[in-house]
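Colleague: build me a model from this:
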Amino acid sequence: MKNNLMQLVRLVAMVLAIAGIIYALEFMERGIAVWFWVTLLGVGFVGLLYTFRLTQRRAARARREQERLEKKRSRRSRR
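Modeller: Next up is the predicted model:
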């Protein structure tokens, strides 16, 4: 649940960052505002990638554990 909420927050931040980049390019004279929004977008992307990889690792670990338990059960039933 916590990961899903954090992914949602990051996704919203990334959408706001894209809107901020467009706004800064259109209406701001200084380039620093653009870099702020680009940085925010990059941080959001890296965070989403990290949580995705973390979730995939946990799922793979759980799948391997389940396969190991099934293998143990099948060995016991043979006896």
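
Colleague: going by C-alpha atoms from here, please, whenever you check contacts or count neighbours.
Modeller: Will do.

Colleague: tell me the mean pLDDT over stretch 4-24?
Modeller: Average pLDDT, stretch 4-24: 81.

Colleague: sorry, slip of the keys, the one I care about is stretch 28-41.
Modeller: 78.

Colleague: how far away is Val8 from Val15?
Modeller: Just so we're on the same page, residue 8 is Leu rather than Val. Distance, Leu8 to Val15, using Cα to Cα, to the nearest Å: 11 Å.

Colleague: ok, Leu49 next?
Modeller: Per Cα to Cα, Leu49 is found 16 Å from Val15.

Colleague: and if you look at Thr51?
Modeller: Thr51 is 18 Å from Val15, by Cα to Cα.

Colleague: tell me where the chain has strands.
Modeller: Taking DSSP state E as the criterion, the chain carries no strands.

Colleague: wait, what's in contact with the residue positioned nearest the centre of it?
Modeller: A centroid search over the chain (Cα atoms, centre = their mean) returns Leu48, at 2.2 Å, as the residue closest to the centre. Taking Cα atoms under 8 Å, 6 or more residues apart in numbering, we find Leu48 in contact with Gln7, Arg10, Leu11.

Colleague: repeat for Leu11
Modeller: Gly44, Leu48.

Colleague: what about the nearest residue in space to Leu25 that is not next to it in sequence, neighbour count?
Modeller: Nearest residue to Leu25 in three dimensions, chain neighbours excluded: Val34, at 6.6 Å (Cα to Cα, 6 or more residues apart in numbering). Residue crowding around Val34 was assessed by other Cα atoms under 10 Å; the count is 20.

Colleague: wait, Val34 touches Ala19, no?
Modeller: No. Using Cα atoms under 8 Å, Val34 is not in contact with Ala19; the gap is 10.6 Å.

Colleague: now do stretch 59-75, average pLDDT.
Modeller: On average, stretch 59-75 scores 89.

Colleague: residues making contact with it?
Modeller: Applying Cα under 8 Å, 6+ apart, stretch 59-75 has no contact partners.

Colleague: now swap in stretch 28-45 and tell me
Modeller: Contacts to stretch 28-45, defined as Cα under 8 Å, 6+ apart, come from residues Arg10, Leu11, Ala13, Met14, Ala17, Ile18, Gly20, Ile21, Ala24, Leu25.
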